[in-house]
Each structure stands twice: as structure tokens, then as C-alpha cells.
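Peer 1: coordinates only, sequence not included:
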């Protein structure tokens with residue numbers, strides 16, 4: 001097993017709003033598809049090459065939550081850049097950029113536009 005995580009899904013109450021939120025904070029285009037009645041907007045990554053990825057998902061079984069499992073998204077070289085776009089995109093910073101230690105780097109936690117608690121990690 002190369003990674004403990006190979007796929008994640010972030011629930012959306014409003015699919016368009018959630019897709020815009022993540023596209024804006026990461027400055028990415030998120031391809032959209034409907035799979036089995038579930039609207040999905042995909043983060044970059046190719047699972048066929050062993051890359052971890054995930055999607056923003058909207059459907060009957062997807063309910064945003066501020067408790068439970070928390071996903072740590074890749075904050076790039078310096079998570080402060082992504083975190084700095086959270087509030088302008090409709091989210092809220094809960095824990096600012098915080099140093100863990102020199103070997104592990106930094107983390108931050110935010111609430112997304114849907115009410116999900118999500119974290120960022122970076123080395124810088």
C-alpha cells in the first residue's frame with residue numbers, strides 16, 4: 001500500500017457554490033461529471049497512476065459536516081496562499097497557519113462554503 005488515502009469526497013449542499021469555492025481557493029479548473037445520479041467536480045490527480053485525488057460531491061447521501069473525518073488537502077509550497085483565498089471565496093479560517101515542527105511543516109483548518117471542516121498541509 002503506497003498511500004493510506006486514495007480517494008476522498010467532500011459533500012456539497014450547493015454544488016455550484018462548492019465547486020466555485022474550491023476552484024477559487026486552489027486556482028484550478030474542476031472537471032464536472034454526473035456519475036450514478038451524483039454530481040462530482042474533480043480535483044487534480046490520476047488514480048490510474050497512483051495519485052491521490054477526490055471530488056466535491058452533491059447527491060442525496062452527501063451532507064456537509066463540521067465534525068467527523070477531516071481531510072488534509074495539499075496546500076502547495078506555502079499553504080498561506082490557499083488559506084488567504086478562503087474567506088474571499090465564502091469560507092472561514094478556523095485555525096490559521098500553524099507550525100507543527102521543522103520535519104512535518106504547517107497546517108491550517110477552515111470551514112468551506114458548505115459547512116465542512118477541512119484542513120491544509122504544507123512544508124512552507
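Peer 2: Perfect, thanks for sending it. In this text the structure is predicted, and so the values were computed from the model without any measurement.

Peer 1: measure residue 74 to residue 82 for me?
Peer 2: 9 Å (CB to CB, to the nearest Å). For the C-beta atoms, the positions are set from N, CA and C on the backbone; glycine is no exception.

Peer 1: give me the common contacts of the two.
Peer 2: residue 120 (CB atoms under 8 Å, 6 or more residues apart in numbering).

Peer 1: so for those two, which sits in the more crowded spot?
Peer 2: When neighbours are counted by other CB atoms under 10 Å, residue 74 and residue 82 differ, and residue 82 comes out ahead with 21 against 15.

Peer 1: so what's the gap between stretch 78-85 and the chain middle?
Peer 2: Centroid separation for stretch 78-85 versus its chain: 13 Å, with CA atoms, centre = their mean, to the nearest Å.

Peer 1: show residues contacting it.
Peer 2: Here stretch 78-85 has contacts from 24-27, 73, 75-76, 93, 96-97, 106-108, 110, 120-122, 124, using CB under 8 Å, 6+ apart.
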